[in-house]
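Novice: Here is my input; please provide its structure:
(one chain, ligands or ions: 1)
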Amino acid sequence: MSQSKPATVKHDTLFTTPLDKAARFSFDEQVVACFPDMIRRSVPGYGQVLAMLPIFARRHCKYRQQDDNGQRVSRIYDLGCSLGAASMTLAGEFESQDLQIKAIDISPAMTTEATTLLEDNYPEHDIEVMTADIRDIELEPCDMVILNLTLQFLPAADRVAVLEKIYAALSEGGILVVTEKTHAFDEQYDAWLVERYYDFKRANGYTEMEISGKRNALENVLITDTLAQHHTRLSDVGFQRHLTWFQFLNFVSIVAFK
Ligand code: GEK
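Specialist: Take a look at the predicted model:
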């Protein structure tokens with residue numbers, strides 16, 4: 001894998017001081033500055049999931065689309081791209097002419113930084129970074145859609161419509177990869193998973209205050225589904241085949257095949 005240029009990443013110290021209990025988590029400049037450190041220390045398997053995306057893309061992206069010059073390309077959407085880590089991983093494993101990547105995030109602080117990082121590292125690649133709400137955009141025909149830890153931030157009632165739009169845009173043979181934090185239906189299993197998840201965060205250097213501060217700030221912002229709910233919804237929107245290919249504690253990744 002090619003090495004990308006390191007950005008200046010701050011250590012995540014967001015919840016090291018007591019916060020207003022009502023403060024909600026938002027993807028602002030402060031979060032952007034420490035995001036790579038935060039997500040690596042907070043999401044079990046984050047790096048492993050990212051590393052598999054180009055491997056999946058090799059198998060399922062078959063130059064089914066055309067770029068503005070009429071060249072055959074594989075079009076990939078990175079929805080809720082944050083700093084573009086998924087797009088970066090893909091660009092690192094493909095020649096510039098092979099892919100057309102569209103990376104979208106609702107947070108201008110994220111897309112500003114993602115644009116810089118992607119332009120600095122992959123100036124030759126066809127990567128468009130857009131600031132938009134993924135509920136509002138139209139999707140062009142595509143080979144692969146990545147929803148890496150993004151669906152969980154949409155209001156529950158809006159998730160079906162976004163997945164329907166993705167299903168409609170995917171070409172036959174294309175895939176959707178959805179990675180999410182989940183909760184277990186069984187309360188005891190859920191309690192065990194949540195506690196071991198906090199152990200995971202402790203092992204990665206987070207204090208009790210940081211863990212509880214983040215939990216409070218994410219309340220009603222990050223709303224999890226069960227794994228069964230994810231699979232049912234994917235069936236409901238039309239995907240006939242979908243598979244949980246990765247699980248690490250309460251974090252899962254599903255691949256859905258069109
Ligand atoms: C990664 N995928 O590093 N429209 C667009 N973006 C949204 C919306 C929306 N309606 N709601 C939230 N977001 C990334 C990580 S982070 C996950 C994704 C996390 C964006 C939000 O601004 C944030 O950047 C991203 O979804 C979620 O592979 O921080 O746990």
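
Novice: Residue 250 touches residue 193, doesn't it?
Specialist: Yes. The criterion here is CB atoms under 8 Å, and residue 250 meets it with residue 193 at 4.5 Å. C-beta coordinates here come from the backbone N, C-alpha and C atoms, glycine included.

Novice: Settle it for me: which of the two has more neighbours?
Specialist: Comparing residue 250 with residue 193 by neighbour count (other CB atoms under 10 Å), the higher total belongs to residue 250, at 21 against 17.

Novice: show me the contacts for the more buried one.
Specialist: 181-184, 190, 193-194, 197, 224 (CB atoms under 8 Å, 6 or more residues apart in numbering).

Novice: Give the residue spans of the stretch 51-200 of the chain that score low on pLDDT.
Specialist: Within the stretch 51-200 of the chain, no range satisfies pLDDT under 70.

Novice: picking up where we left off before, sitting in helices, which of the contacts of residue 250 do you find?
Specialist: 190, 193-194, 197 (DSSP state H).

Novice: Residue 146 belongs to a helix, doesn't it?
Specialist: No. Membership of residue 146 in a helix is not supported by DSSP: H, G, I helix; E, B strand; the rest coil, which gives strand.

Novice: would you list every one of the helices in the stretch 151-258 of the chain?
Specialist: 159-169, 187-203, 208-218, 227-236 (DSSP state H, counting those that start in this stretch).

Novice: dump the residue contacts of the closest residue to the ligand within the stretch 151-258 of the chain.
Specialist: In the stretch 151-258 of the chain, the residue that lies nearest the ligand is residue 153 (3.8 Å; CB to the nearest ligand atom). Residues in contact with residue 153 (CB under 8 Å, 6+ apart) are 80, 221-222.
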